[in-house]
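S.K.: sequence and computational prediction follow.
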Amino acid sequence: MKNIRFGNFSAGRTALTLAGLALLTTLAVCLVPARELQTPETGIAQAVATPTVQGAAVSPPAPPEGAQNPALGGQINSLWELNVPDARVELLLSGLTYPCEFQFLSPREVIITEISGKLSRFDLDTRKLTPVSGVPHTSAGIEQTGLLDVELHPDYANNHRIYLSYTIADEETGKFHLTAVATAILEGDQLHDVRQILAAEPLSWSPSNFGGALEFDDQGYLYVGIGDRSEHNFAQDTTRLQGKILRLKDDGSVPADNPFVGVKGYDARIYALGVRNPQGLHFDPVSRRMFEAEHGPMGGDEVNIIRAGANYGWPVISYGKNYPDIGVGEVGAAGTHAKGMEQPLFYYLPSIAASPITMYRGSMFPEWEGDLLVGAMRPRNISKLDLDGDVIRSAYPMLSELDDRVRDIKVAQDGSIYILSQKGTLHRLYRPPFVAVEEIDKGKYIYDVVCSACHATGSYGAPNLSVLSDWKGIENQPLELIYQRAIEGYNQMPPRGLCSTCTDRHVQQTVDYMLQQIRSLKSG
């Protein structure tokens, strides 16, 4: 290799070595924690959770020891790989029996449903769990039957009104079920003025696919997700509520601007159709969009943006297949696309058993702003979707360390994330205000990587950091002058000492470190 000149500075192998170090340093921070796979025809993203560097699969950097155990407050592997090494998880509550959903009653209290029919208030400060009485009777105890979602009225602070979705059975046999919604006033530990506002008739034989997701928009309308009840073709039957997203007023009546009001052959409560088993609804007030997480068959779990009058295709189109022991209705007869039917924003293959969905809006994890968080019951983690407009750029599983089926996810007022799990626990993911994450001395780091090539050897006339006489006169110069010469270059030293990516502050920190080493050498 020919020598390369930098002003009055001549360097051969040294330049190559430093360039290589710079390249390695750059590569070390270019890890993209997830990649997406898009179908050639549609560009719809499919989840593939493999870290990549410019399209090539690589192994992520190993987290430090102790990163595996969130119960000990240590750093967490899956978040370390997302470049969030300072996040922590704390256990707030355990001992629930198959919890389903929860809501914040205030910044310091939540209300939680259990599939058995229990409803409880939980004080986040005192950690006291208080049962709530007056809950509507549910047909719990058979597969997926029981108490499902809980939602607050938009004016809950003044009216204390809540909404519950649950299953009920016929009185004679107890073997036929439907999805229902009731509203009530929550006063202390009791429900009053309990009124059923929806019964998704008719009754059906299947004890599964009830849906039950509840969500209000910013206009005060209540959206209700009703599952297909394992009878797939109901999702395309516009006279039935199964396999639909409904839109209601807060008293259960029909809004005048619902898309099928006055349309023959349609139930006016239907807002969108062709869904299988809506497990989560989330309204984002910033974009004013309603997101749905849908539990698919064997593969084909979906995330959709719910739009008025839209048909999401189930069971005519699907990215999944029917379970082999169920022969009720053909799945995906038209493949994955059909005219007049929506494509999902995102689909999972294989299935993750999607449950809740929320969008991150908060200050605690600003790098996740606008990302979707989807509960993944099968792999026991949370799927973080990087949403860019109407496109999912990447998907990455996180918090598998909790090792439980995620039933609900909510973002708190302070930006922390609360996670309800099927084994009966409530955890909080948070970022402590002052956590040292392997803080390094930047001056020493830059010296070791760049400057030591000359200053540890005396090469090219550089003063040797271990030879006091080399620094005679330099250390007594004004500090600002030393800074200036290091930044602009002086004699044989090129500007910034070859560290082209170093800022002025980086150079100053390196000078400070080197001068401190000289003082230590003199005093020692």
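M.R.: Happy to help now that I have it. If you're wondering where the values come from, they're calculated on a predicted model, not measured in any experiment.

S.K.: show me where pLDDT drops low in the stretch 301-450 of the chain?
M.R.: Within the stretch 301-450 of the chain, the segments meeting pLDDT under 70 span 324-330, 434-440.

S.K.: ugh, wrong one, the chain
M.R.: Using pLDDT under 70, the chain drops low at 1-75, 324-330, 434-440.

S.K.: which residue is nearest the middle of it?
M.R.: Leu373 (3.0 Å; C-alpha atoms, centre = their mean).

S.K.: partner strands of the host helix or strand of that one and their direction?
M.R.: If you go by DSSP states H and E, Leu373 is part of strand 372-376. Next to strand 372-376 in the sheet, as set by DSSP bridges, lie strand 354-359 (antiparallel), strand 381-388 (antiparallel).

S.K.: ok now the last one, how far from the chain's centre?
M.R.: Averaging C-alpha coordinates over strand 381-388 and over its chain gives two centres that are 5 Å apart (C-alpha atoms, centre = their mean, to the nearest Å).

S.K.: what sits against the spatially most distant residue from the centre of the chain?
M.R.: Using C-alpha atoms, centre = their mean, the residue of the chain lying farthest from its centre is Ser469. It sits 57.8 Å away. Counting by C-beta atoms under 8 Å, 6 or more residues apart in numbering, Ser469 makes contact with nothing. C-beta: built from backbone N, CA, C; applies to glycine.

S.K.: please enumerate the helices of the stretch 51-200 of the chain.
M.R.: 77-80, 156-159 (DSSP state H, counting those that start in this stretch).

S.K.: export only the CA atoms of the last one, formatted as CSV.
M.R.: When you say that, I think you mean helix 156-159. The C-alpha coordinates for helix 156-159 follow below in CSV (Å, rounded to 0.1, in the frame of the first residue of the first chain):
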residue,chain,number,x,y,z
TYR,A,156,-66.1,8.2,32.8
ALA,A,157,-64.5,10.8,35.1
ASN,A,158,-68.0,12.3,35.5
ASN,A,159,-70.5,9.5,35.0
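
S.K.: so how far is the strand holding Leu373 off the chain centroid?
M.R.: Computed by C-alpha atoms, centre = their mean, the chain-centroid distance of strand 372-376 equals 6 Å.

S.K.: which non-adjacent residue is nearest Tyr430?
M.R.: Of all residues beyond its chain neighbours, the one nearest Tyr430 is Ser416 (4.0 Å), with distances taken as C-beta to C-beta, 6 or more residues apart in numbering.

S.K.: kindly report the same for Lys118.
M.R.: Pro131 (6.5 Å).

S.K.: I figured that neighbour hits Ser116, correct?
M.R.: No. At 11.5 Å, Pro131 does not count as touching Ser116 under the criterion of C-beta atoms under 8 Å.

S.K.: which of these two has more neighbours?
M.R.: Comparing Pro131 with Ser116 by other C-beta atoms under 10 Å, the one with more neighbours is Ser116, at 15 against 12.

S.K.: coming back round to it: my guess is the residue nearest to Tyr430 contacts Pro433, does it?
M.R.: No. If you go by C-beta under 8 Å, Ser416 and Pro433 don't touch, sitting 11.7 Å apart.

S.K.: the more surrounded of those two?
M.R.: The neighbour comparison of Ser416 against Pro433 (other C-beta under 10 Å) goes to Ser416, with 18 against 6.

S.K.: tell me how far the closest residue to Asp371 other than its chain neighbours lies from Thr113.
M.R.: Counting by C-beta to C-beta, 6+ apart, Asp371 lies nearest to Tyr360, which is 5.0 Å off, once chain neighbours are set aside. Distance, Tyr360 to Thr113, by C-beta to C-beta, to the nearest Å: 23 Å.

S.K.: more neighbours: which of the two?
M.R.: More neighbours surround Thr113 than the other of Tyr360 and Thr113, with 31 against 20 (other C-beta under 10 Å).

S.K.: and the residue nearest to Lys118, how far from Ser106?
M.R.: Distance from Pro131 to Ser106, by C-beta to C-beta: 18 Å.

S.K.: cool, Ile382 as well?
M.R.: Taken as C-beta to C-beta, the span from Ile382 to Ser106 is 24 Å.

S.K.: comparing the two, which residue is more hemmed in?
M.R.: Ile382 (25 against 11).

S.K.: who are the contact partners of that one?
M.R.: 373-376, 397-399, 406, 409, 419.

S.K.: with distance to Ile352 added, can I get those in a markdown table?
M.R.: Compiled in a markdown table, these are given as follows (distance: C-beta to C-beta, whole Å):
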| residue | distance to Ile352 |
| --- | --- |
| Leu373 | 12 |
| Val374 | 7 |
| Gly375 | 8 |
| Ala376 | 4 |
| Pro397 | 8 |
| Met398 | 13 |
| Leu399 | 13 |
| Val406 | 10 |
| Ile409 | 13 |
| Ile419 | 15 |
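
S.K.: just the residues you listed now: which is nearest Tyr166?
M.R.: Gly375 (19.7 Å; C-beta to C-beta).

S.K.: dump the residue contacts of that closest one.
M.R.: The contact partners of Gly375, taken as C-beta under 8 Å, 6+ apart, are 279-280, 293, 354-357, 382-383, 405-409.

S.K.: please apply the same query to Leu203.
M.R.: With C-beta under 8 Å, 6+ apart, Leu203 has these contacts: 169-170, 176-178.

S.K.: now do stretch 398-405: everything it contacts.
M.R.: 68-70, 76-79, 82, 89, 353, 355, 375, 377-384, 406, 419, 421-423, 425, 427, 429.

S.K.: put the buried members of those residues into a ChimeraX selection.
M.R.: Of these, the buried ones can be selected in ChimeraX as follows, counting by 16 or more other C-beta atoms under 10 Å:
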select :70,76,77,78,79,82,89,353,355,375,377,379,380,381,382,383,384,406,419,421,422,423,425,427,429
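
S.K.: surely Arg380 meets Pro397?
M.R.: No. Checked against C-beta under 8 Å, the pair Arg380 and Pro397 is beyond contact range at 9.2 Å.

S.K.: follow-up on the earlier one: most neighbours out of the contacts of Leu203, which is it?
M.R.: Of the contacts of Leu203, His177 is surrounded by the most neighbours, 25 neighbours in total, counting by other C-beta under 10 Å.

S.K.: what's the neighbour count on the nearest residue to Val450 once chain neighbours are set aside?
M.R.: Of all residues not flanking Val450 in the chain, Cys499 sits nearest, at 4.7 Å (C-beta to C-beta, 6+ apart). Close neighbours of Cys499, defined as other C-beta under 10 Å, add up to 21.

S.K.: over to Lys175?
M.R.: 12.

S.K.: now it: how far from Asn322?
M.R.: Distance from Lys175 to Asn322, by C-beta to C-beta: 23 Å.

S.K.: three-state assignment of Tyr506?
M.R.: I think there's a mix-up here, since residue 506 is His and not Tyr. Look at His506: counting by DSSP: H, G, I helix; E, B strand; the rest coil, its state is helix.

S.K.: can you give me the neighbour number for the nearest residue to Asn209 once chain neighbours are set aside?
M.R.: For Asn209, ignoring the flanking residues on the chain, the nearest one in space by C-beta to C-beta, 6+ apart is Gly227 at 3.6 Å. Counted with other C-beta under 10 Å, residues neighbouring Gly227 total 29.

S.K.: for Gly227, phi and psi?
M.R.: phi -70, psi 170 (degrees, to the nearest 10).

S.K.: surely it and Gly211 touch.
M.R.: Yes. Shown here, Gly227 and Gly211 form a contact pair, counting by C-beta under 8 Å, at 3.6 Å.

S.K.: between the two, what contacts are shared?
M.R.: Joint contacts of Gly227 and Gly211 (C-beta under 8 Å, 6+ apart) are 179, 275, 277-278.
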